[in-house]
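1. Next comes the sequence, and after it the predicted model I'd like to discuss.
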Amino acid sequence: MFITFEGIEGCGKSTQARRLVNRLREASVPLVFTLEPGGTRVGQDIRRILLDSRNRSLSPLAELFLYEADRVQHVEEIIKPALEHGKWVVCDRFFDATTVYQGFAREQDMKLIRDLNEKACSGIGPDITFLIDCPVEIGLERALKRNEAVIEEGQDRFEREKEDFHEAVRQGYLTMAKEDPERIVVVDGTLNEDELEAVIFEHVRPFM
């Protein structure tokens, strides 16, 4: 079982991914919890480049290739072996993030993104994707508060983008959810954390 979490900055996806992982571990489900970018040692170096707010001149195409390089390593080193050994994989962001951030928001070529994603993933895709949706102003307010408390200094390049960038990301996610409703489950990111955790777990329970 391969489960991914997606959404705009500050939507709460990382919190809910961790909460689901805790529930599954309590139920003795063998699993791997990972994230993109940065799920491998190589990926951690790529992540620092991608999130560094000093890298203002990073071109959208270079950004795309960095994400795909991270994904190739991630799939080969972490995701594919875990699934082959019968483990569940819960991942904080995967290829949908590239489609919306680099495609819908950065306006990179969608066919190129699809081709790169297909190559990078080796035919592997999520069984369920939870899209935690909330208004941009709510997500950004949460993200800025989070960054003040825990984020490594300077690792906030995306949070510094203009509001219309984040709105394009949100609308991109919602468009994709309409196109693939069997896989992408849209949940309300304005619910409190406990309510949202319960909603998500009810979707996962039948697969346990």
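-> Happy to help now that I have it. Numbering: from 1, shown residues only.
2. now for whichever strand or helix holds Ala177, which elements pack on it?
-> According to DSSP states H and E, Ala177 maps onto helix 163-179. On a contact count with 3 or more CB pairs under 8 Å, 6 or more residues apart in numbering; DSSP states H and E, helix 163-179 meets strand 128-133, helix 136-149, strand 184-188. Placement of C-beta: from N, CA and C, glycine included.
3. which of these sits most buried?
-> Mean neighbour count (mean count of other CB atoms under 10 Å) peaks for strand 128-133 among the helices and strands packed on helix 163-179, with a mean of 23.
4. can you give me how far the helix-or-strand element of the chain with minimal mean pLDDT is from the chain middle?
-> Within the chain, no helix or strand scores below helix 136-149, which has a mean of 77 by mean pLDDT, DSSP states H and E. Relative to the centre of its chain, helix 136-149 is centred 17 Å away, using CA atoms, centre = their mean, to the nearest Å.
5. same deal with stretch 192-208?
-> Chain-centre distance of stretch 192-208: 18 Å, with CA atoms, centre = their mean.
6. Same question for stretch 3-23.
-> Here stretch 3-23 shows a centroid-to-chain-centroid distance of 8 Å under the convention CA atoms, centre = their mean.
7. Use 174 as the first number from now on
-> Okay, residue one is now 174; in that scheme the one you just asked about reads as stretch 176-196.
8. buried stuff in it?
-> Neighbour-count burial for stretch 176-196 flags 176-190, 192-194, 196 (criterion: 16 or more other CB atoms under 10 Å).
9. now do stretch 335-347
-> Buried residues in stretch 335-347, counting neighbours by 16+ other CB under 10 Å, are found at Phe338, His339, Ala341, Val342, Arg343, Gly345, Tyr346.
10. Quick check: chain neighbours aside, which residue is closest to the fifth one?
-> To tie it back to what came earlier, the one meant is Arg343. Excluding its sequence neighbours, the residue lying closest to Arg343 (CB to CB, 6 or more residues apart in numbering) is Ile181, at 5.1 Å.
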